[in-house]
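> Provide a 3D model corresponding to the input given below.
(2 chains)
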There are 2 protein chains.
Amino acid sequence: MLGFLYVLSGKIRFFSVSSNAKEITIFTISDKESCLISTSCILSNIKADVVLEFMEDSSVFILPNKIFETLTHSNESIMRFNLSLVSKRLKQAFDTINDVTFKSLKNRVIKFLLSNAKNNRVEASQESIANNIGSAREAVTRVIKELKTQGLIETNRNEIVLKSRLYELGKDIES
Amino acid sequence: MLGFLYVLSGKIRFFSVSSNAKEITIFTISDKESCLISTSCILSNIKADVVLEFMEDSSVFILPNKIFETLTHSNESIMRFNLSLVSKRLKQAFDTINDVTFKSLKNRVIKFLLSNAKNNRVEASQESIANNIGSAREAVTRVIKELKTQGLIETNRNEIVLKSRLYELGKDIES
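Model (predicted):
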């Protein structure tokens, strides 16, 4: 497996896949963020379950497992950094659990759109939105239609344009 | 907040609560397991979201935050232990995400029953099962009825008796 991964630029999605090919995004990391993907003794029990996908052209720095492990065990600051990193990912996993369990599908779609917008645009098929939030394409299509009727978004081919009212609505969802 | 928590005996549930009082169990820990509940700089971003519930009479050892933090920063083994611990909880959070997203409600109820049985008995109301797995009581009642019809369980007042066929079914679910 990889070891220590640092994102110089771009965006990477970490997700789980079910036996029937359904997906759920656990977290995404982007510019200057890092993640441990390790088969070392320390993290042996979190391997294998997570798949990586580069969401855009990305440039990453990878430190192989063995080297990273040696560094970790010889340097207290690095170990403290690791602990902080794994804690952060744990917090993100908690957030995902809360989203999946408590948030309506509509709010999850809105959250996805807001956190993946660039210049008020999201380039993603309804299929990929569904995969990201662990839902079915048909259900996402229904929500997208509703958001469109409410004037919160516009849709082009594989592109969704966010209107300012969606951002206002987003603030209420987060709080 | 607590600090470092070690379970001498008993069982503790860590769960999230939504704004409309819906619950989801993130993980449970029992005999000889430990968990960090910390507001320290290291774990500052995972505080507050999780609530603890003692599922049975428990005996726990708690090391206050300040002391545990000092120990951690002065002892490499303890820091390594922490890292391993947080990683383990991260793995459990991943499992919860997969369960909630991918498993049918029936399979989630079966998994709950199997992992909470003592002498083939689970003492839990349908309300509390629903809270544990992040579902609605009505939906759980429907599943319990189905399991009963299929001869997989028997129900008494606030007690569910598991039959051997449920354990067989459980093996298939896990694999």
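> Backbone dihedrals for A:Lys148, please?
phi -70, psi -50 (degrees, to the nearest 10).
> That one: what's its closest spatial neighbour, skipping adjacent residues?
A:Thr155 (6.1 Å; C-beta to C-beta, 6 or more residues apart in numbering or on different chains). Where C-beta positions appear, they are placed from N, C-alpha and C, glycine not excepted.
> try A:Asn116
According to C-beta to C-beta, 6+ apart, the nearest residue to A:Asn116 is A:Val122 (5.1 Å).
> ok, back up a step: quick one: residues contacting the residue nearest to A:Lys148.
A:Ile144, A:Lys148, A:Val161 (C-beta atoms under 8 Å, 6 or more residues apart in numbering or on different chains).
> for it, helix, strand, or coil?
Put simply, A:Thr155 is strand when judged by DSSP: H, G, I helix; E, B strand; the rest coil.
> Quick check on the contacts of A:Thr155: which are buried?
With burial judged by 16 or more other C-beta atoms under 10 Å in any protein chain shown, the buried subset of the contacts of A:Thr155 is A:Ile144.
> any idea how chain A splits into domains?
A:2-102, A:105-174 (the TED database).
> quick check, the longest one touching chain B?
Put plainly, it is domain A:2-102. Yes - judged by C-beta under 8 Å from any C-beta of the partner chain, domain A:2-102 comes into contact with chain B at A:16, A:18-20, A:22, A:24, A:26, A:42-43, A:45-46, A:49-50, A:73, A:76, A:79-80, A:82-84, A:86-91, A:93-98, A:100-102.
> So which of those residues are in helices?
Secondary structure from DSSP state H places A:73, A:76, A:79-80, A:82-84, A:86-91, A:93-98, A:100-102 of these in helices.
> Going by neighbour count, which of these are buried?
Buried, going by 16+ other C-beta under 10 Å: A:79-80, A:82-84, A:86-91, A:93-98, A:100-102, out of these.
> May I have the strands that pair with the worst-scoring helix or strand of chain A on mean pLDDT, each with its orientation?
Lowest on mean pLDDT, DSSP states H and E among the helices and strands of chain A sits strand A:34-37, with a mean of 76. If you go by DSSP bridges, strand A:34-37 pairs up with strand A:3-9 (antiparallel).
> Flag every buried residue along the partner strand.
Judged by neighbour count (16+ other C-beta under 10 Å), strand A:3-9 contains these buried residues: A:Gly3, A:Phe4, A:Leu5, A:Val7.
> now do stretch A:21-35
A:Lys22, A:Glu23, A:Ile24, A:Thr25, A:Ile26, A:Phe27, A:Thr28, A:Ile29, A:Ser34, A:Cys35.
> what does stretch A:145-155 give?
For stretch A:145-155, a neighbour-count test (16+ other C-beta under 10 Å) marks A:Leu147, A:Leu152, A:Ile153 as buried.
> Kind regards, and thank you for your time.
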